[in-house]
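>>> No letters, just coordinates:
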């Protein structure tokens, strides 16, 4: 049995996205200078982007996307139980795959990385400490959600089987 249900973790993550959107909109430097961003960036030898030192059109757009993500996740949690189970049963693996790809790309294709090159490319703006830290933290939380969802589904099946067995014993 998990300490937190998967839906509680998703609610907390959705509220985190909305809160993060406010910080990115008002003062993105707060995000870029967080200890976890610095620690993961230095450990993975990734640069800190200068674009996050002051508000810009790009950080405003990121804030809108984060707010949209958080609000849509909160809305998805308000559906019926069957719909919520089906939605998050399919969304969680997709998000995990996307975040794994994003985090892996930021690390593996960095300059001097395993698959990195010295040529400048279109994806160079993704190879920084903020993207890596965001992807890594999100990947960790969504993996926690995935494991919790799987455990909750297993427990529901066990309860259903016990209920059916008890009904058959009564006959």
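Great, that's in hand. Just so it is clear, the structure is predicted and the values come from calculations on it, not from any experiment.

>>> Not counting its neighbours along the chain, what's nearest the residue nearest the centre of the chain?
Taking CA atoms, centre = their mean, the centroid of the chain lies closest to residue 138, which sits 2.8 Å from it. Nearest non-adjacent residue to residue 138, counting by CB to CB, 6 or more residues apart in numbering: residue 99, 5.1 Å away. Every C-beta, even on glycine, is put in place using the N, C-alpha and C of the backbone.

>>> host element of that neighbour?
When elements are assigned from DSSP states H and E, residue 99 belongs to helix 81-108.

>>> for that helix, what is the average pLDDT?
Mean pLDDT, computed over helix 81-108, is 95.

>>> so after that helix, what's the next helix or strand?
Assigned by DSSP H and E, the successor of helix 81-108 is helix 129-170.

>>> now the residue nearest to the centre of the chain: how far from residue 98?
Distance, residue 138 to residue 98, using CB to CB, to the nearest Å: 9 Å.

>>> One more: residue 13?
According to CB to CB, residue 13 stands 15 Å off from residue 98.

>>> can you count the residues close to residue 130?
24 (other CB atoms under 10 Å).

>>> Look up how far residue 79 lies from it.
32 Å.

>>> How about residue 86?
On the measure of CB to CB, residue 86 and residue 79 end up 9 Å apart.

>>> before we move on, what about residue 143?
Residue 143 sits 23 Å away from residue 79, taking CB to CB as the criterion.

>>> ok, now residue 39?
37 Å.

>>> re the thing from before, hmm, the residue nearest to the centre of the chain is touching residue 96, no?
No - Residue 138 is beyond contact range of residue 96, at 9.2 Å (criterion: CB atoms under 8 Å).

>>> quick one: what helix or strand has residue 75 in it?
Going by DSSP H and E, residue 75 is in helix 57-76.

>>> Contacts for that helix, please.
10-11, 13-18, 20-22, 24-25, 28, 51-52, 84, 87-88, 91 (CB atoms under 8 Å, 6 or more residues apart in numbering).

>>> Please point out which parts of it sit buried.
For helix 57-76, the neighbour count (16 or more other CB atoms under 10 Å) marks 59, 62-63, 66-67, 69-70, 73-74, 76 as buried.

>>> which regions of the protein sit below the pLDDT cut-off?
1, 117-122 (pLDDT under 70).

>>> 50 instead, please
Residue ranges of the chain with pLDDT under 50: none are present.

>>> one step back: quick check: the residue nearest to the centre of the chain vs residue 157, distance?
For residue 138, the distance to residue 157 equals 28 Å [CB to CB].

>>> Next up, the contacts around the closest residue to residue 92 other than its chain neighbours.
What sits nearest to residue 92 in space, not counting adjacent residues and going by CB to CB, 6+ apart, is residue 146, at 4.8 Å. Residue 146 is in contact with 92-93, 96, counting by CB under 8 Å, 6+ apart.
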